[in-house]
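Q: have a look; sequence and predicted model below, questions after that.
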Amino acid sequence: MSQQARGGGRSWTLPGWVNGSRLAEVELSPIKAVELEASRIPGVVSLAQGIPSFDTPEPIKRYVEERLAEGLCGRYSLTPGLRRLREAIAERLSNEGMRYDPDGEIIVTAGSIEAIAASLLALIEPGDEVLVVSPTYASYLPAIRLAGGVPRFVPLAEDANFDLDPEAISAAAGRRCRALVLCNPNNPTGTVFSAEQTRRMLAVAERENLVVIADEVYKDFVYCGARIHSAAMETSARDRVIRVCSFSKAYAMTGWRVGFLHGPAALVGDILKVHDALVTCAPVISQHAALAALELGDEVVAGFRDEFHRRRNEVIERLDALPEVFDYQKPNASYFVFPRIKDTVPLARDSRGLAADILTRARVALVPGVAFGPTGEAHLRLCYARSSEDIHRAFDRLDDYFAGRPSRLEGGRVTVDAAAPPGPAHRAGLAILRHGARAHLARTRPRVVAIAGTQGKTVMKRTLSELLGRRLRVRANPLSYNTAIGLPLAVLGRTIETRPARRLVRGLAGALRTAYAGQEPVDVMVLEFGVRRPGDVRRHLEVVRPDIVVVAPLAPSFSQEVDALAILRGEIETLCAGIPPDTLLLCEDDPFLADMASRMPGAARFGSRDVEHVGDGLALHVGDTVWPVGRDTVGASGLRALSVAARVARLVGLSDADVATFLKAS
């Protein structure tokens, strides 16, 4: 709607967007909002915004000082950027297998987000749809909306470590869809999208005539042999890919605000017009810093990468120590991890509420997962670009928060509201689900591997699934903690919302269709058996009788209360009592389980000691067999998972050669 304005005896009409309609759906980035709120609370430790803890390297600062002294920073550059910088970028791209003309296909920008905003403003018309993978970087959404576009979310495949799902992209691409925006490596998940799925995504983009805006600002922080396959490397897709990069992350230059984009001349020419209208040119002093980074900074980047890798491992070990709270996919890149909050945690399905409560009570700033798209709900994003000291301080406070122990900050107790008891709809739904799961198992007859215990179940499940999936058809449940309702859902390979009741009813209908309808055959199911109360194992066994049982360490995550530990041990004894010893794997790192194994001849023992350091590498010992390990393995849970995977693989018929190939993979 327009409005009338008057001045000097004349009147004119203001367009509707001046009156705020275009801004109505644009909010401050939730990441910046968290930091802003945290700044008002004394003593907060922040793992929220992705700011490296390092300072800009000295060689870059000295180079800029020299250019300042020479008087080279006080005037505009050409709009696309300093020629020498664009040529240096073109040379770096050529070395990486991407050839772009510095005079018409490269623009130096005021950071990566300006590059993305300028691209969207140039490429889409008001009302056009833009596909955004979910979860992904939160600031894409306001940029799309400011350009007049409509964001459409496409879920990533979480069970494949959040890889691209080309079928979902194809299904979401409507008549008005113009572009796809994605971040590779992905923020917040740390995923490096596979070459296969990237090519399939580009095939969808060609079929649907989409421009792909590939944000690769974390390309320099990739760990343990992972490789980025940029969409811009596919020459057949060159005419539809805009690639965006930044100097902020790799060179600790977030405050300099400088990045670049490259793409086909026909698209870059239009983007240049918008770039000129927005900023004229990137800050010239920052362009000189970027040039120094390209010429002088590679050694420093390698040091940053090694340190972030070390901090990633620290974070994984701290997450592994909170198995009652977090499930996670191991990030292969960036400096973020995106753990799922287990359903037994209060506020698990309200990540905004949980992050706000953690900030208020524990004084730790984290970003709610829903900020990164609808499938980000029930997650939190943690940044490990902060110092190791801050990481451990934050996790110490999180330990206290989730345990309900006296706070280390104020001496007060962190409390959480108890979950409401299940109502009639939930009880009826549970009975239906359990019946459907039993029927499905009777009809399909897969081999079932059950994992019980408290520490490292999810890591074992993921490792087992990856190894067995090389030869067999495997289903591993997406839910991270199998309560009475979680186990039948896992059997059926379903997730449903249990609140409100109408969502439960719709979810139950879908689950029952799964139970009785045709479905892809499954050779092996890998299921977690959650144990919290007396009788939990009996209830699980009423649904499924496992063929193989793996028991991880039993120590409670938060408490050494005698009663809780006694319940846990009693339930495990119930589970193991009906299992043939030669299909039972017990963790000898746990004294109770080691004693139990000594009383059960034929039961296999496994532990972190099965993997030993040999020179610069690792070796796995199972009986008389020794396998070299090339996989990226972190923490005791990861080491145990390798031993379990090799032993279970033998039980289900995989060869030692299959195991060896799996263990060598990086």
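A: Here it is on my side, so go on.
Q: and the helices in the stretch 151-300 of the chain?
A: Per DSSP state H, counting those that start in this stretch, the stretch 151-300 of the chain carries helices over the ranges 166-172, 195-208, 265-279, 284-296, 298-320.
Q: deepest of those, which one?
A: Ranked by mean neighbour count, the helices of the stretch 151-300 of the chain are led by helix 284-296 with a mean of 22 (mean count of other Cβ atoms under 10 Å). From N, CA and C alone the C-beta is placed, and that goes for glycine too.
Q: tell me the angle of it relative to helix 298-320?
A: Orientation check (axes from the mean of the first three to the mean of the last three Cα atoms, to 10 degrees): helix 284-296 against helix 298-320 gives 90 degrees.
Q: who touches helix 284-296?
A: By Cβ atoms under 8 Å, 6 or more residues apart in numbering, the surrounding residues in contact with helix 284-296 are 56-57, 59-61, 63-64, 67-68, 72-77, 81-82, 84-85, 88-89, 92, 108, 110, 247, 250-251, 253, 256-258, 260, 281.
Q: PyMOL command to pick out the buried ones of these?
A: The PyMOL selection below is limited to those of these classed as buried (16 or more other Cβ atoms under 10 Å):
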select buried, resi 56+57+60+63+64+67+72+73+77+81+82+85+88+89+108+110+247+250+251+253+256+257+258+260+281
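Q: just the ones in helices from the contacts of helix 284-296, please.
A: Among these, the ones falling in helices (DSSP state H) are Pro59, Ile60, Lys61, Tyr63, Val64, Arg67, Leu68, Arg84, Leu85, Ala88, Ile89, Arg92.
Q: now render those residues as CSV, adding pLDDT and distance to Asp400.
A: Below are those laid out as CSV (pLDDT from 0 to 100; distance: Cβ to Cβ, whole Å):
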residue, pLDDT, distance to Asp400
Pro59, 92, 42
Ile60, 94, 40
Lys61, 95, 40
Tyr63, 94, 46
Val64, 96, 44
Arg67, 94, 49
Leu68, 94, 48
Arg84, 96, 53
Leu85, 97, 49
Ala88, 96, 49
Ile89, 97, 47
Arg92, 95, 46
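Q: circling back: need the helices of the stretch 151-300 of the chain in a markdown table with distance to Ala371 and mean pLDDT, can you?
A: As requested, those are exported to a markdown table (distance: least, Cβ to Cβ, whole Å; pLDDT from 0 to 100):
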| stretch | distance to Ala371 | mean pLDDT |
| --- | --- | --- |
| helix 166-172 | 20 | 94 |
| helix 195-208 | 24 | 95 |
| helix 265-279 | 25 | 97 |
| helix 284-296 | 28 | 95 |
| helix 298-320 | 19 | 91 |
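Q: which one, of those, ends up nearest to Arg438?
A: helix 166-172 (30.6 Å; Cβ to Cβ).
Q: what's the spacing between that closest one and its chain's center?
A: 20 Å (Cα atoms, centre = their mean, to the nearest Å).
Q: contacting residues around it?
A: 131, 133, 152-155, 180, 197, 200-201, 203-205, 207-208.
Q: end to end, how far does stretch 313-331 reach?
A: End-to-end span of stretch 313-331 (Cα to Cα, to the nearest Å): 10 Å.
Q: er, stretch 255-271 I mean
A: Distance across stretch 255-271, first residue to last, is 24 Å (Cα to Cα).
Q: could I get the helices of the stretch 151-300 of the chain as a markdown table with distance to Arg545?
A: Shown next, in a markdown table, are these (distance: least, Cβ to Cβ, whole Å):
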| stretch | distance to Arg545 |
| --- | --- |
| helix 166-172 | 34 |
| helix 195-208 | 36 |
| helix 265-279 | 59 |
| helix 284-296 | 60 |
| helix 298-320 | 29 |
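Q: quick one: closest of those helices to Cys576.
A: Set against Cys576 and scored by Cβ to Cβ, the helices of the stretch 151-300 of the chain come closest in helix 298-320, at 23.5 Å.
Q: show me what the closest one is packed up against.
A: Under the contact criterion of 3 or more Cβ pairs under 8 Å, 6 or more residues apart in numbering; DSSP states H and E, helix 298-320 touches strand 336-337, helix 388-403, helix 635-651.
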